[in-house]
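# Task: produce atomic coordinates for the following.
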Amino acid sequence: MALRSLENAMPAVQERPRKIAKTAAAKPDVPPAGIDENLAPAAISAEASVEYVASADLQPLDDPEKKLQTLLEDLRSNDWLKLCDALNNVRRLVLHHSSLMTPILEKVMIATAKSMKNPRSAVCKTTLMASTDIFSSLGHTLHLDFAQKDGSFDQLLLQLLLKASQDKKFVCEEAEKALREMASCLPPVPLMKKLQSYIKHSNLRVRAKAAIAMACCVAKMEMEVMVEHGLEGILVMATELLNDRLPEARESARAMVREVHRAFLESKDGKDGDEEQPSESSQAWQDFCFSNLRPALAPSVAKIPLQ
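Residues are numbered from 1 along each chain as shown. Alright, predicted model coming up:
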């Protein structure tokens, strides 16, 4: 019997046609409607477009009266570039035309405190620079109204302490600079009274920044002013900060204790006429600490000036 051919024995397997990948036709680059492809692209607005000018480089305004007419309106602008320009005009006015700014200074400070809440870093930094210039030029004229708990200065002070407590380094540094200028230029006793509520703030960083500013105030005070204000109150206030969680607050507290010690010894010498022996002065200081502080705290506080 003849064998069948193998080719006839196995059924032929038909190959499935391969799919050919469809390639999309390349679209020609067509510029969007209304844009001329022959023109260079417009510059992108960015934070870097704002120039941070040092106070010494700010020039007087050509027509300050005219700028003053629209200043408050410009400070309320939603255009952040326009707002930065208005803040720089505030700086020029307080530095070179301070007499014109005095009548509207309170309103400007309220607008400045509001601008400090702006999420744009450029606006925030320019606002902080404006605050520094306000303190340096007009700090001695500021009236710290204690009856008004939410006045223009109170709003500005809170925002400065909050910004100085931020994680953004350049914002924090600029806010600290403004706080130093504030402590340097404002009367120390009224400012210290304003700061007292913040050394008990729930935010430990705010407490530390307030303590640093308060230590600057105490360091500025003459012996007579400290005695009139009350050495006991300053000592108690400093003692409350000695156990704070942040080292900045603790070091500021120790600095205040040293200043109280200095004023205490000077006042003793002035009253007695004759200079006391070191042992007598040391004993008088310890007695002062024990008479105003809890017995558990007095010994360690009395030793701080000797460290």
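# List the buried residues of stretch 92-100.
Residues Arg92, Leu93, Val94, Leu95, His97, Leu100 are the ones in stretch 92-100 that count as buried (16 or more other C-beta atoms under 10 Å). For every residue, glycine as well, the C-beta is placed using N, CA and C.
# Quickly check those residues for the two that are furthest apart.
Spatially, the most separated pair among the buried residues of stretch 92-100 is Leu95 and Leu100, at 11.6 Å (C-beta to C-beta).
# where do the contact lists of those two overlap?
Residues touching both Leu95 and Leu100 (C-beta atoms under 8 Å, 6 or more residues apart in numbering): none.
# So which residue is smack in the middle of the chain?
The centroid of the chain falls nearest to Ala175 when counting by C-alpha atoms, centre = their mean (2.7 Å).
# Mind checking what secondary structure Asp133 has?
Here Asp133 is recorded as helix under DSSP: H, G, I helix; E, B strand; the rest coil.
# Would you mind measuring the gap between the ends of stretch 143-153?
With C-alpha to C-alpha, to the nearest Å as the measure, the ends of stretch 143-153 fall 9 Å from one another.
# Count the neighbours of Val53 for me.
Val53 has 14 neighbours, counted by other C-beta atoms under 10 Å.
# quick one: it and Gln59, what's the gap?
Distance, Val53 to Gln59, by C-beta to C-beta, to the nearest Å: 9 Å.
# and if you look at Ser267?
Going from Ser267 to Gln59 by C-beta to C-beta gives 48 Å.
# Looking at the two, which is more packed in?
Between Ser267 and Gln59, Ser267 has the larger neighbour count (other C-beta under 10 Å), namely 15 against 9.
# The closest residue to that one other than its chain neighbours: which element?
Take Ser267 and drop its neighbours on the chain: the residue closest to it by C-beta to C-beta, 6 or more residues apart in numbering is Val227, 5.3 Å away. In the assignment (DSSP states H and E), Val227 maps to helix 223-229.
# what bits of the stretch 1-150 of the chain have low per-residue confidence?
1-49, 145-150 (pLDDT under 70).
# try it again with 80
Along the stretch 1-150 of the chain, segments meeting pLDDT under 80 span 1-50, 143-150.
# what about the helices in it?
In the stretch 1-150 of the chain, the helices defined using DSSP state H, counting those that start in this stretch lie at 6-9, 64-75, 80-96, 98-101, 105-115, 121-138.
# most tightly surrounded among these?
Greatest average neighbour count among these goes to helix 121-138 (a mean of 23), per mean count of other C-beta atoms under 10 Å.
# CA atoms only: put that one into PDB for me.
In PDB, the C-alpha atoms belonging to helix 121-138 read as follows (Å, rounded to 0.1, in the frame of the first residue of the first chain):
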ATOM      1  CA  SER A 121       7.200  84.900  49.100                       C
ATOM      2  CA  ALA A 122       8.200  88.100  47.200                       C
ATOM      3  CA  VAL A 123       5.300  90.000  48.700                       C
ATOM      4  CA  CYS A 124       6.100  88.700  52.200                       C
ATOM      5  CA  LYS A 125       9.800  89.600  52.000                       C
ATOM      6  CA  THR A 126       9.000  93.100  50.600                       C
ATOM      7  CA  THR A 127       6.500  93.600  53.400                       C
ATOM      8  CA  LEU A 128       9.100  92.700  56.100                       C
ATOM      9  CA  MET A 129      11.600  95.100  54.500                       C
ATOM     10  CA  ALA A 130       8.900  97.800  54.700                       C
ATOM     11  CA  SER A 131       8.300  97.000  58.400                       C
ATOM     12  CA  THR A 132      12.000  97.400  59.100                       C
ATOM     13  CA  ASP A 133      12.100 100.800  57.400                       C
ATOM     14  CA  ILE A 134       9.000 101.900  59.300                       C
ATOM     15  CA  PHE A 135      10.600 101.100  62.600                       C
ATOM     16  CA  SER A 136      13.900 102.700  61.800                       C
ATOM     17  CA  SER A 137      12.400 105.900  60.500                       C
ATOM     18  CA  LEU A 138       9.200 106.400  62.500                       C
END
